[in-house]
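J.: have a look; sequence and predicted model below, questions after that.
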Amino acid sequence: MPLVTCPDCGHQVSTSAAACPQCNRPLGAQPLAPVAGPVAAAAEEIAWEGVPSIKAMLGEITRTALVAIALPVAAVLGFGPLLSLISGTNRELAVTVANNQSTLQTVVTVAVIVLVLARVAKLAWHIAVLRSHRYKVSNQRILLETGVLSKRIDEVDMRTVEDIEFQQGVFERMLGIGDINIIAADKRMARFRLVGIEKPRDVRELIRANVFQATQRQLFTRTT
């Protein structure tokens, strides 16, 4: 049987007793005292979610396009002069080249196509890797999801963040994107980067505000 304390004499009395056996004080329903314990944690609220902008790949996209154009042009313009140069070195070689010119042309064409497709495939994979990143900032943590075929999720507690750095080159500034470096007191995630972020200054300030709140206004960051 649970016990309660008699308000008059202080003795322990069963909750089923109608009166205290020591002082005969009538006992009614006793209000429950609040149970001491940890304060419930504040609900997690998502402050920002995002993925790297495709504009972060604009440089590689441009280089791939130039290669895809330059290789066929170079093959077309250089095929004839190259055969002439080879034929001029040796009479027998000249006869061989003349007899197999169509085959050599096919080989060069296939080689150009393979090289261009390989470059395009490499670009497509890099874009897929970049776009597989998912960033989420809440009032409690920063989450990073990565992986194209398999997935991995890392997180950093807001209270461990020590500094937030902002990086934006001239080209990135023109595109309106940038990188945010997070430095945290975490052995596994001591330093990580959010890449290709749209409006990076606004996102940095949002992260800083949440860290500032989570650390009870103890965050110090260098000015940018």
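T.: On my side now, so go ahead. Residues are numbered from 1 along each chain as shown.

J.: just for this protein, where's the confidence low?
T.: Within the chain, the segments meeting pLDDT under 70 span 1-3, 15-17, 27-42, 217-224.

J.: and it, what are its domains?
T.: Following automatic domain parsing, one gets these domains for the chain: 1-27, 55-130, 133-214.

J.: make JSON lines out of those domains and add mean neighbour count and distance to residue 46.
T.: Any C-beta I mention is one placed from the backbone N, CA and C, and that applies to glycine too. Output for the domains of the chain, formatted as JSON lines (neighbours: other C-beta atoms under 10 Å; distance: least, C-beta to C-beta, whole Å):
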{"stretch": "domain 1-27", "mean neighbour count": "12", "distance to residue 46": "43"}
{"stretch": "domain 55-130", "mean neighbour count": "13", "distance to residue 46": "22"}
{"stretch": "domain 133-214", "mean neighbour count": "16", "distance to residue 46": "5"}
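
J.: closest one to residue 44 among those?
T.: domain 133-214 (5.0 Å; C-beta to C-beta).

J.: what about that closest one, start to end distance?
T.: 25 Å (C-alpha to C-alpha, to the nearest Å).

J.: ditto for stretch 147-162
T.: The first-to-last residue distance of stretch 147-162 comes to 27 Å (C-alpha to C-alpha).

J.: show me where this structure has helices.
T.: Along the chain, the segments classed as helices by DSSP state H run 58-87, 91-99, 101-131, 170-175, 200-214.

J.: what does the second one rub up against?
T.: Translated: helix 91-99. Residues from elsewhere that reach helix 91-99, judged by C-beta atoms under 8 Å, 6 or more residues apart in numbering: 83, 86, 87, 88, 104.

J.: and the angle for it with helix 58-87?
T.: Orientation of helix 91-99 against helix 58-87 (axes from the mean of the first three to the mean of the last three C-alpha atoms, to 10 degrees) gives an angle of 120 degrees.

J.: if we ignore the residues flanking it in sequence, what's nearest residue 122?
T.: The shortest distance from residue 122 to any non-neighbouring residue, by C-beta to C-beta, 6 or more residues apart in numbering, is to residue 64 (7.8 Å).

J.: that older thread, can you pick out the most distant pair from the contacts of helix 91-99?
T.: Every pair of the contacts of helix 91-99 checked by C-beta to C-beta; the farthest is 88 and 104, at 15.7 Å.

J.: returning to that earlier point: format the domains of the chain as TSV; extra columns: distance to residue 44.
T.: As requested, the domains of the chain are exported to TSV (distance: least, C-beta to C-beta, whole Å):
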stretch	distance to residue 44
domain 1-27	36
domain 55-130	27
domain 133-214	5
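
J.: wait, which of the ones you listed is closest to residue 47?
T.: Closest to residue 47 of the domains of the chain is domain 133-214 (C-beta to C-beta; 5.0 Å).

J.: now residue 172: closest residue in space, sequence neighbours ignored.
T.: residue 178 (5.3 Å).

J.: in the sheet, who's paired with that neighbour?
T.: Beta bridges link residue 178 to residue 197, judged by DSSP bridges.

J.: please apply the same query to the one 4 residues further on.
T.: Taking DSSP bridges as the rule, residue 182 bridges to residue 164, residue 192.

J.: let the chain start at 19 from now.
T.: Taking 19 as the first residue, the last one we looked at is residue 200.

J.: do you know how far it is from residue 221?
T.: To residue 221, residue 200 is 11 Å away according to C-beta to C-beta, to the nearest Å.
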